[in-house]
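Visitor: Here is a sequence together with a model predicted from it:
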Amino acid sequence: MGEITYVSGWRKRDVKIEKDAIATWRAYDAMPEGVSPEERAHEICCLAYDGDAVAGISTVEIKPCRPLRNKLFGYLRVFTLPDYEQQEIAIGLAINCRDTLEAWALEHPGEKLCGMAAIYQSPKLGPTPVGKSGLTLIGYTPQGFQHRVVWFPHIRL
């Protein structure tokens with residue numbers, strides 16, 4: 001593994017980033033049933049590259065967080081290629097997305113984005129209640145998955 005670089009793609013519609021992500025998702029059959037890679041590409045937040053090779057992809061869907069009175073959060077999804085698992089690339093993607101979303105929220109206050117959230121579906125994630133990315137455990141889904149959020153510091157309730 002070489003030096004990992006993170007490239008932001010949030011709301012940029014960058015053709016190269018989208019093409020790289022779509023090809024990677026297709027190669028690893030990484031999309032849930034009923035979701036096309038082209039559709040998911042509209043939600044790209046960041047790609048991690050090892051040289052020219054994709055090492056990981058993050059996407060964000062903005063939606064209400066029910067436990068927090070339906071405040072809007074950017075729900076993070078991360079796909080790390082198998083060769084890069086357990087190498088903190090997912091954390092790098094999460095930190096990059098948190099910072100990107102926070103800057104975007106400051107530039108677009110009318111969007112009322114309060115923070116970033118994630119549902120941890122992998123049992124490898126979440127050994128502590130507060131992660132390196134700032135995502136903090138707030139509860140569990142009905143399926144038993146961890147529900148985590150990080151608030152942006154500029155938000156007032």
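Guide: Received it, and whenever you're ready, just let me know what you need.
Visitor: Is residue 110 located within a helix, as I assumed?
Guide: Yes: the assignment for residue 110 by DSSP: H, G, I helix; E, B strand; the rest coil puts it in a helix.
Visitor: and it, how far is that from residue 104?
Guide: In this view, residue 110 and residue 104 are 12 Å apart by CB to CB, to the nearest Å. For the C-beta atoms, the positions are set from N, CA and C on the backbone; glycine is no exception.
Visitor: Who has more neighbours out of these two?
Guide: residue 104 (18 against 5; other CB atoms under 10 Å).
Visitor: Give me the three-state assignment for that one.
Guide: Classified using three-state DSSP, residue 104 is helix.
Visitor: which ones are touching the nearest residue to it once chain neighbours are set aside?
Guide: Nearest residue to residue 104, sequence neighbours excluded (CB to CB, 6 or more residues apart in numbering): residue 10, at 6.2 Å. Contacts for residue 10 (CB atoms under 8 Å, 6 or more residues apart in numbering) come out as 44, 45, 46, 60, 97, 100, 101, 104.
Visitor: Could you give the average pLDDT over the strand or helix carrying the second one?
Guide: According to DSSP states H and E, residue 45 maps onto strand 44-50. Taken as a whole, strand 44-50 carries a mean pLDDT of 98.
Visitor: Name the residues of that strand that are buried.
Guide: If you call a residue buried by 16 or more other CB atoms under 10 Å, then strand 44-50 has these buried ones: 44, 45, 46, 47, 48, 49, 50.
Visitor: still on that earlier bit, pretty sure the residue nearest to residue 104 sits in a helix.
Guide: No: read with three-state DSSP, residue 10 is coil and lies in no helix.
Visitor: any idea how far it is from residue 37?
Guide: 18 Å.
Visitor: List the contacts of the most centrally placed residue in the chain.
Guide: Compute the mean C-alpha point of the chain, and by CA atoms, centre = their mean the closest residue is residue 76, 3.0 Å away. By CB under 8 Å, 6+ apart, residue 76 lies in contact with 45, 58, 59, 60, 94, 97, 116, 117, 118, 135.
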